[in-house]
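*Asks:* starting from these lines, generate the structure:
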Amino acid sequence: MTQRIEDYALIGDLQTAALVGRNGSIDWLCLPRFDSAACFAALLGDEENGHWRIAPAGAGDCTRRGYLGETLVLESVWETPAGTVKVIDFMPQRDVAPDIVRIVEGVSGSVEMDATLRLRFDFGSVVPWMRREEGHRLGIAGPDSVWLRSEPAVRTWGQHYSTRSSFTVGAGERVAFVLTWHPSHEERPPLTDPFEALAQCLEDWAIWSARCRYRGANRAAVMRSLITLKALTYGPTGGIVAAPTTSLPEDLGGVRNWDYRYCWLRDSTLTLGALLSVGYLEEAAAWRDWLLRAVAGDPADLQIMYGLAGERRLPESELLWLRGYAGSSPVRTGNSAVDQLQLDVYGEVIDSFHVARTSGLPPKPHAWSVEMTLLAFLESKWREPDEGLWEVRGPRRHFVHSKVMAWVAADRAVRTLERDPRLGGKADRWRAMRDEVHRDVCERGYDPERNTFTQSYGSTELDAATLLIPRVGFLPADDPRVIGTIEAVRAELGQDGLLRRYSAGPGVDGLPGEEGAFLVCSFWLADALHLTGRTEEAKELFERLLSLRNDVGLLSEEYDPVARRQLGNFPQAFSHIGLVVTALTLAGEHTAG
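*Replies:* Numbers count the residues shown, from 1 in each chain. A predicted model of the protein is given here:
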């Protein structure tokens, strides 16, 4: 039976990540990077597309599981009639090559274990040649090479294009498996001691988690989200992927399936503010520096997303041999939304640099020049329609959120010059632009009869992104238009107390089908309620959102209130950023823009 999205837990090494099901199966892993081809792709197909399961013989899902303290080391426990056993899964921060370590430990009794490894390179389409070498199993196909070894050694054999193991563990006994990838043309990397790696991994995460200075309400939830954001960070560059997966559906059985293994500029301001607010200055600086490198160049070429190192070319294609999660096809790699015009990203980038500057990050001398170049371009383009924050694949429109973020860009430039006139710039010109954008939005993006801002000029549709108007400072929280917008959005986009981002459908975003409640939008609603003085309602909604996390504290992109299950790519950085920001907002500790 297909595992639900929320049945998975995350492990990773700050360069890639794997999803481990409650049944003990690793069903998704891309090597060597988040955006590489998967060698385990059962998540989007079936077991024949690659997986690695270790569990008691004949057992189903584990009895319980959880992370060991404030780490990314997962422990799954099975209680069986023959005894109790646990499997510890983690990925050490790599020195040379990526490893997955799985340690089976007997707790009581004597438990027979089964292990099945099906390697399938290139997203489940290539079966490697398996052989024994130096006492280990070696799988090779094209550029990929994977070694499997156990300590102590257990008997393995090939069966149905898989590698099988069967062994018994008693109380206090441990058997460790290490899976190591490297390019097939290179020599095997040094062997990893699994037990030393476990001790080091626990220590590394404990040291990192101890740096968090947040001690307010719901600290455990905040910490788990911060650990998840750290796990979604590509360590060599500081870029943060939106999710480690592709094509987990927003609509079960539908076509709303996208590749999120890239870095979106839309997440930048909230991510930076959250990291700075809790004391992770190194991570904030790395993200700011990634941003500077990614956006360098002609401002007309600014993209909404980039690759892990700032790559620009992310061509979209379909993997026809994969049936898709729960039959949701097509399965896509790459993302053609990279070519869209989304004017809000200019505001988000400039706002991010403003947050970094006012929060005390060490300055980058060329950052101001980059900002002025982006703003000069935006000044000539903000009056044009675009595809908007949500990457709709319908016609371009004058999205209100895009215009508001153009106002943010001009506003932050003015405020920066007021703070430090020595930087030099056209403050009067940016003030004039700011005032013009403000008038335009209030005249053309506001429906006075319904007392609400709309999704786009002349539209009757609403958009949850307009909830950000008071947060970014476009209007004060007590403005009647803000209060009216909150009420209208809640009434028209609300679903079982949560929020959809907009009314989906072919006439709105060019795609068939519907989607679930968008979790970050529900966090935005909690923020807006708090800012308008309705803190008790905000706290109630926040508690509801916390209850939607899975058993190990993870959130996907969306939630289906009817089927009561998570939807979309998982775990989703934007959802976890929303959780952290809302917790800090309710505690009065968030670094605003």
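
*Asks:* how about K381, nearest residue that isn't a chain neighbour?
*Replies:* L343 (6.4 Å; CB to CB, 6 or more residues apart in numbering). Backbone N, C-alpha and C define where each C-beta goes, glycine included.

*Asks:* got the contact list for the one you found?
*Replies:* Neighbour list for L343: L378, K381, W382, E384, D386, S402, K403, M405, A406 [criterion: CB atoms under 8 Å, 6 or more residues apart in numbering].

*Asks:* find me the pLDDT at it, would you?
*Replies:* Looking at L343, its pLDDT stands at 94.

*Asks:* report the separation between it and L302.
*Replies:* 9 Å (CB to CB, to the nearest Å).

*Asks:* same question, A41
*Replies:* A41 sits 33 Å away from L302 when distances are taken as CB to CB.

*Asks:* do R429 as well
*Replies:* 20 Å.

*Asks:* ok, the two, which is more surrounded?
*Replies:* Just comparing R429 and L302: by other CB atoms under 10 Å the higher neighbour count belongs to L302, 22 against 15.

*Asks:* name the nearest residue to the more buried one, ignoring sequence neighbours.
*Replies:* Per CB to CB, 6+ apart, closest to L302 is V295, 5.8 Å.

*Asks:* just L374 next, same as before
*Replies:* P299 (4.8 Å).

*Asks:* you'd agree that neighbour is up against S380?
*Replies:* No: if you go by CB atoms under 8 Å, P299 and S380 don't touch, sitting 9.8 Å apart.

*Asks:* if you count what's nearby, which of those two comes out ahead?
*Replies:* Taking other CB under 10 Å, P299 and S380 do not tie; P299 has more neighbours (19 against 10).

*Asks:* where does this structure have low pLDDT?
*Replies:* 1, 504-510, 590-593 (pLDDT under 70).

*Asks:* gap between stretch 567-582 and the chain center?
*Replies:* Between the mean C-alpha location of stretch 567-582 and the chain-wide mean there is a distance of 6 Å, by CA atoms, centre = their mean, to the nearest Å.

*Asks:* show me the longest strand that occurs in this structure.
*Replies:* Longest strand in the chain, counting residues (DSSP state E): strand 99-118.

*Asks:* show me where the stretch 1-150 of the chain has strands.
*Replies:* Ranges of strands in the stretch 1-150 of the chain, per DSSP state E, counting those that start in this stretch, are 8-12, 17-21, 25-30, 38-40, 51-56, 64-67, 74-80, 83-90, 99-118, 129-133, 136-141, 144-151.

*Asks:* ignore the last one, the stretch 351-500 of the chain
*Replies:* Using DSSP E, counting those that start in this stretch, the strands of the stretch 351-500 of the chain run over residues 446-447, 452-453, 494-495, 498-499.

*Asks:* what of the stretch 201-350 of the chain?
*Replies:* 233-234, 239-240, 263-264, 305-306, 317-318, 332-333.

*Asks:* list the buried residues for stretch 524-543?
*Replies:* 524-532, 534, 538-539, 541-542 (16 or more other CB atoms under 10 Å).

*Asks:* ok, stretch 93-104 next?
*Replies:* Q93, R94, A97, P98, D99, I100, V101, R102, I103, V104.

*Asks:* and which of these is nearest P448?
*Replies:* The closest of these to P448 turns out to be Q93 (CB to CB; 55.8 Å).

*Asks:* how far away is that closest one from Y280?
*Replies:* Taken as CB to CB, the span from Q93 to Y280 is 16 Å.

*Asks:* just L341 next, same as before
*Replies:* Note on L341: its distance to Y280, by CB to CB, is 33 Å.

*Asks:* what secondary structure does the residue lying closest to I100 once chain neighbours are set aside sit in?
*Replies:* Of all residues not flanking I100 in the chain, L179 sits nearest, at 4.5 Å (CB to CB, 6+ apart). Counting by DSSP: H, G, I helix; E, B strand; the rest coil, the backbone at L179 sits in strand.

*Asks:* is it true that L179 touches W147?
*Replies:* Yes: L179 is in contact with W147 according to CB under 8 Å; the separation is 7.2 Å.

*Asks:* who has more neighbours out of the two?
*Replies:* More neighbours surround L179 than the other of L179 and W147, with 25 against 21 (other CB under 10 Å).

*Asks:* for that one, list the residues it contacts.
*Replies:* Taking CB under 8 Å, 6+ apart, one finds W52, D99, I100, R102, L117, V146, W147, L148 in contact with L179.

*Asks:* all the helices of the stretch 201-350 of the chain, residue numbers only.
*Replies:* Secondary structure of the stretch 201-350 of the chain (DSSP state H, counting those that start in this stretch): helices located at 219-231, 268-277, 281-295, 344-358.

*Asks:* let's have the ones you listed in JSON lines, adding mean neighbour count and distance to D447.
*Replies:* As requested, the helices of the stretch 201-350 of the chain are arranged in JSON lines below (neighbours: other CB atoms under 10 Å; distance: least, CB to CB, whole Å):
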{"stretch": "helix 219-231", "mean neighbour count": "21", "distance to D447": "35"}
{"stretch": "helix 268-277", "mean neighbour count": "26", "distance to D447": "27"}
{"stretch": "helix 281-295", "mean neighbour count": "21", "distance to D447": "34"}
{"stretch": "helix 344-358", "mean neighbour count": "25", "distance to D447": "21"}
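
*Asks:* which among those helices is found nearest to D7?
*Replies:* Closest of the helices of the stretch 201-350 of the chain to D7 is helix 219-231, at 16.4 Å (criterion: CB to CB).

*Asks:* how much space separates the nearest residue to R450 once chain neighbours are set aside from D527?
*Replies:* Of all residues not flanking R450 in the chain, A488 sits nearest, at 5.9 Å (CB to CB, 6+ apart). Shown here: A488 relative to D527, a distance of 17 Å by CB to CB.

*Asks:* secondary structure element holding the closest residue to T156 other than its chain neighbours?
*Replies:* Spatially, and ignoring its direct neighbours in sequence, T156 is nearest to S165 (4.8 Å; CB to CB, 6+ apart). Element membership of S165, judged by DSSP states H and E, is strand 163-170.
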